[in-house]
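Asker: need the 3D shape of this:
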Amino acid sequence: MKLGLQLGYWGAQPATNHAELVTAAESAGFDSIFTAEAWGSDAYTPLAWWGSATERVRLGTSVLQLSARTPTACAMAALTLDHLSGGRHIVGLGVSGPQVVEGWYGQRFAKPLARTREYVDIMRQVWAREAPVTSAGPHYPLPLSGADTTGLGKPLKPITHPLRADIPVMLGAEGPKNIALAAEIADGWLPLFYTPRLADTYNDWLDEGFARAGARRSREDFEICATAQIVITDDRAASYEAIKPFLALYMGGMGSEDTNFHAEVYRRMGYADVVDEVTALFRADRKEEAARIIPDEVVQDSAIVGDVEHVREQIKVWEAAGVTTMLVSPGSVAEIDRLATLS
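Answerer: Purely as a prediction, here's the structure:
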């Protein structure tokens, strides 16, 4: 099992210890570091900043929001970072949700799977640099034409020759159709809330994608880089209480009341009643109460909390389920060093 350091996105202020965590993760043998974005800090700037102090670890995004950049702009950023890092970049992409896409980026959310497919195709054209980049659309037509354009747009190749003609792409996917799409067109899957209990279900969805004509990968060379909250402790109860506000935010606040893809993940796990109650409380601005009513077993389903032996055994369970990398968020160098001895 490989470990990746998930730095995430910033809260109200930038984190103050990411430099030392990145250095420690590389020294401890971690495979990768990842950054994220929501509607505050972006993913690429800190990844390049902290990545410049590394030599070996892969540098990934988990995830970039499609609507934040046109596909060519994303491909430009990726090929730039790939050059600067000596070929260590991983592009992790996700569609986000309508609340963010329409409310923050002012973009349309329709047909997220078709948009993802078109977006990735354009990026790969840029990196391959075999011909000027074109797309028939309908989501990202290149060159743009029509009555409201100058008519002067022309297909272009990137000026800079990419270091690699095929930078790895992973998809942050949560629903069955999107997970199948990841297996079909991507090099890996980035689940945010993963439970080994549903591994057979996930594998069915992945197998659907692997079986499609033209699928890029097979199960043997496809990566599953799952976000995993791992806490080594003898006080499970305290750790559960610390994790529950995070779960309440994603169940009740990350999306609209009727459209929340994160909440749907927990519904599929069998916690529909919990999701409904958490959502109602969170929307009523009773956030602390929303966190308190989450049962411990909900935390246990997608996190690993316990003593060293329990954590070691659970890591084996995740590995047996098909996870190739666990993306963890330790808060200190000491935690990084302890985790490195368990994988």
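
Asker: all strands for the stretch 101-250 of the chain, in order.
Answerer: Taking DSSP state E, counting those that start in this stretch, the strands of the stretch 101-250 of the chain run over residues 169-171, 188-189, 223-227, 229-232.

Asker: columns distance to Gly137 and mean pLDDT on top of those strands, output as JSON lines?
Answerer: For glycine as for every other residue, the C-beta is placed from the backbone atoms N, C-alpha and C. Formatted as JSON lines, the strands of the stretch 101-250 of the chain follow (distance: least, C-beta to C-beta, whole Å; pLDDT from 0 to 100):
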{"stretch": "strand 169-171", "distance to Gly137": "20", "mean pLDDT": "98"}
{"stretch": "strand 188-189", "distance to Gly137": "27", "mean pLDDT": "98"}
{"stretch": "strand 223-227", "distance to Gly137": "30", "mean pLDDT": "97"}
{"stretch": "strand 229-232", "distance to Gly137": "40", "mean pLDDT": "94"}
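
Asker: nearest to Pro14 among those would be which one?
Answerer: strand 223-227 (20.5 Å; C-beta to C-beta).

Asker: where does the prediction get shaky in this structure?
Answerer: For the chain, the stretches flagged by pLDDT under 70 are 256-258.

Asker: any idea which residue is closest to the centre of it?
Answerer: Ser62 (3.2 Å; C-alpha atoms, centre = their mean).

Asker: what's near enough to touch that residue?
Answerer: Each residue near Ser62 by C-beta atoms under 8 Å, 6 or more residues apart in numbering is listed here: 6, 34-36, 92, 170, 172, 190, 225, 227, 327.

Asker: one more: Asp204?
Answerer: Counting by C-beta under 8 Å, 6+ apart, there are no residues that Asp204 touches.

Asker: same question, Gly214
Answerer: Per C-beta under 8 Å, 6+ apart, neighbours of Gly214: Glu184.

Asker: what sits against Ser27?
Answerer: No residues are in contact with Ser27 under the rule C-beta under 8 Å, 6+ apart.

Asker: quick check, Leu327 in a strand?
Answerer: Yes. Under DSSP: H, G, I helix; E, B strand; the rest coil, Leu327 falls within a strand.

Asker: Arg56 is in contact with Ala25, isn't it?
Answerer: No. Arg56 is beyond contact range of Ala25, at 10.3 Å (criterion: C-beta atoms under 8 Å).

Asker: if you count what's nearby, which of the two comes out ahead?
Answerer: Ranked by neighbour count (other C-beta atoms under 10 Å), Arg56 and Ala25 place Ala25 first, with 27 against 12.

Asker: let's verify the more buried one: helix, strand, or coil?
Answerer: helix.

Asker: neighbours of the nearest residue to Thr160 once chain neighbours are set aside, how many?
Answerer: Sequence neighbours aside, Leu79 is the residue nearest to Thr160 in space, at 6.3 Å (criterion: C-beta to C-beta, 6 or more residues apart in numbering). Counted with other C-beta under 10 Å, the neighbours of Leu79 add up to 24.

Asker: secondary structure element for Leu79, which one?
Answerer: helix 71-84 (DSSP states H and E).

Asker: tell me which residues of that helix are tucked away?
Answerer: By 16 or more other C-beta atoms under 10 Å, the buried positions in helix 71-84 come out as 71-72, 74-82.

Asker: who wins on neighbours among the contacts of Ser62?
Answerer: Highest count within the contacts of Ser62 by other C-beta under 10 Å belongs to Leu327, 31 neighbours.

Asker: relative to Gly106, how far out is it?
Answerer: From Leu327 over to Gly106 the distance is 30 Å, taken as C-beta to C-beta, to the nearest Å.

Asker: Asn17 too?
Answerer: Counting by C-beta to C-beta - Asn17 and Gly106 are separated by 34 Å.

Asker: same check on Thr341?
Answerer: 47 Å.

Asker: measure the residue nearest to the centre of the chain to Ile315 for me?
Answerer: 19 Å.

Asker: ditto for Tyr44
Answerer: Distance, Tyr44 to Ile315, by C-beta to C-beta: 30 Å.

Asker: ok, now Arg117?
Answerer: 34 Å.

Asker: who has more neighbours, these two?
Answerer: Taking neighbours as other C-beta under 10 Å, Arg117 and Ile315 compare with Ile315 leading, 20 against 14.

Asker: which SSE is that one in?
Answerer: Using DSSP H and E, Ile315 falls in helix 308-320.

Asker: so which bits of that helix are buried?
Answerer: 311, 314-315, 318-319.

Asker: next one: stretch 246-258
Answerer: For stretch 246-258, using 16+ other C-beta under 10 Å, the buried residues are 247-255.

Asker: follow-up on the earlier one: who wins for proximity to Val265 among the strands of the stretch 101-250 of the chain?
Answerer: So among the strands of the stretch 101-250 of the chain, strand 223-227 is nearest, using C-beta to C-beta, at 11.6 Å.

Asker: who touches that closest one?
Answerer: If you take C-beta under 8 Å, 6+ apart as the criterion, strand 223-227 is touched by 4, 6, 32, 34, 60, 62, 92, 170, 187-194, 318, 322-327.

Asker: sorry, back to before: Asn17 and Gly106: who's more crowded?
Answerer: When neighbours are counted by other C-beta under 10 Å, Asn17 and Gly106 differ, and Asn17 comes out ahead with 11 against 8.
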